[in-house]
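Chemist: Got a sequence here, can you model it:
(one chain, ligands or ions: 1)
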Amino acid sequence: MPNAAAIQMVSGADRDRNLAAAGELIRRAADAGARLVVLPENFAFMGKRESDKLRIAEPDGSGPIQDFLADAAAASKVWLVGGTLPIRGNDRSDRAFATCPVYAEDGARVARFDKIHLFDVSVPDTGEQYKESGSTIPGTEPVVIDTPLGRLGLTVCYDLRFPELYRHLSAAGAELLAVPAAFTAATGRAHWEVLVRARAIENLCYVIAPDQGGRHASGRETHGDSMIVDPWGRVLDRVAAGPGLAMADVDVAGLLRTRERFPALTHRRL
Ligand SMILES: O=C(O)CNC(=O)[C@H](CS)NC(=O)CCC(=O)C(=O)O
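Modeler: Just a heads-up that it's a prediction; the model follows:
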């Protein structure tokens, strides 16, 4: 029975509709056996412009999106990694953190990670321009937490391109890595699967990588292909396009056997 789920969504600009869609998928994942469920980046809101998300930004710890996540975790009795949502900073700046909160199965929030690397790029070929730092405050702290399935390192989307973050997490004991994402269609086609599987292989970790996958209110398209990858780099399950679930069995005992036979993590020289 699979115990982990990555939820793929095509989130729009209507927060409450997105929450309803997420709620339905969380219930389906729990019914299918999931004890750890990971939502994609910006699951609660993807508007016309990057800065639109500031309208639904919440103070740390309370608001409709965070209340939804706590209630959904408790109702389905799952550990829930809440993709990302905008959480206001303490200063009066008009930017928010891209925060990935984690809830235990009783609905208590047990961790918070703020996306560290911000997507300030122009995508080759399509000409799409992104300046995430215009509306987002970068995080600074890597986060690793214990869950019933294993020790979990948190990362978000563009973080996927920075292997030193993942090395830091695996060195801190991570066995599972979460990568809630909203990868662009163009960069996703070129890089998504390779990067997700590389992070799994080089850190001998499970990677749970839920992506947005479809066309959004901005007119932009995201890549989809949400997946769960095992520590040997095998794609255990994936979702092609549109909303759906990737589910797989995360087996840390098996992971430890793999690491014993193949002790690359103990052979680091630098
Ligand atoms: O596009 C949207 O509206 C939503 N996207 C996001 O919220 C974020 C920040 S702009 N997307 C990424 O980080 C994409 C990374 C990526 O695609 C890569 O590294 O290639």
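
Chemist: Contact distance from the ligand - what residues of this structure qualify?
Modeler: Listed as neighbours of the ligand in the chain under the rule C-beta under 6 Å from any ligand atom: 41-42, 46, 50, 119, 130, 132, 157-158, 161, 182-184, 187, 218, 220. Bear in mind the C-beta positions are built from the backbone N, C-alpha and C, glycine included.

Chemist: Can you verify I228 is assigned to a strand?
Modeler: Yes - the assignment for I228 (DSSP: H, G, I helix; E, B strand; the rest coil) places it in a strand.

Chemist: For it, which residues count as its bridge partners?
Modeler: Note on I228: beta-bridge partners I208, D237, judged by DSSP bridges.

Chemist: In this structure it contacts D237, no?
Modeler: Yes - counting by C-beta atoms under 8 Å, I228 touches D237, with 5.4 Å between them.

Chemist: and for the two, which residues touch both?
Modeler: Contact criterion C-beta atoms under 8 Å, 6 or more residues apart in numbering; residues shared by I228 and D237: 246-248.

Chemist: Let's see if you can find the most crowded of those.
Modeler: A246 (26 neighbours; other C-beta atoms under 10 Å).

Chemist: for it, what are its contacts?
Modeler: 5-6, 8, 210, 226-228, 236-239.

Chemist: More neighbours: I228 and D237, which one.
Modeler: Using other C-beta under 10 Å, the more surrounded residue of I228 and D237 is I228, with 29 against 17.

Chemist: Contacts only, for that one.
Modeler: I228 sits next to 4, 6, 206-209, 235-238, 246-248, 250 when contact means C-beta under 8 Å, 6+ apart.

Chemist: Then A6?
Modeler: Per C-beta under 8 Å, 6+ apart, neighbours of A6: 38, 40, 208-210, 226-228, 239, 245-247.

Chemist: So in terms of bridging, what pairs with it?
Modeler: V38, A246.

Chemist: And for V143?
Modeler: L154.

Chemist: so it sits right up against I116, yeah?
Modeler: No - at 10.0 Å, V143 and I116 do not qualify as touching, with contact defined as C-beta under 8 Å.

Chemist: got a list of what S93 touches?
Modeler: By C-beta under 8 Å, 6+ apart, S93 lies in contact with I137.

Chemist: Tell me which stretches of the stretch 151-270 of the chain form helices.
Modeler: Ranges of helices in the stretch 151-270 of the chain, per DSSP state H, counting those that start in this stretch, are 163-171, 185-187, 193-203, 252-261.

Chemist: wait, I meant the stretch 1-150 of the chain
Modeler: In the stretch 1-150 of the chain, the helices defined using DSSP H, counting those that start in this stretch lie at 15-31, 64-76.

Chemist: Could you find the closest non-adjacent residue to the residue of the stretch 51-200 of the chain found nearest the ligand?
Modeler: Residue of the stretch 51-200 of the chain nearest the ligand, by C-beta to the nearest ligand atom: T187 (3.0 Å). Leaving aside its sequence neighbours, T187 sits nearest to V123 (C-beta to C-beta, 6 or more residues apart in numbering; 6.1 Å).

Chemist: Much appreciated, bye for now.
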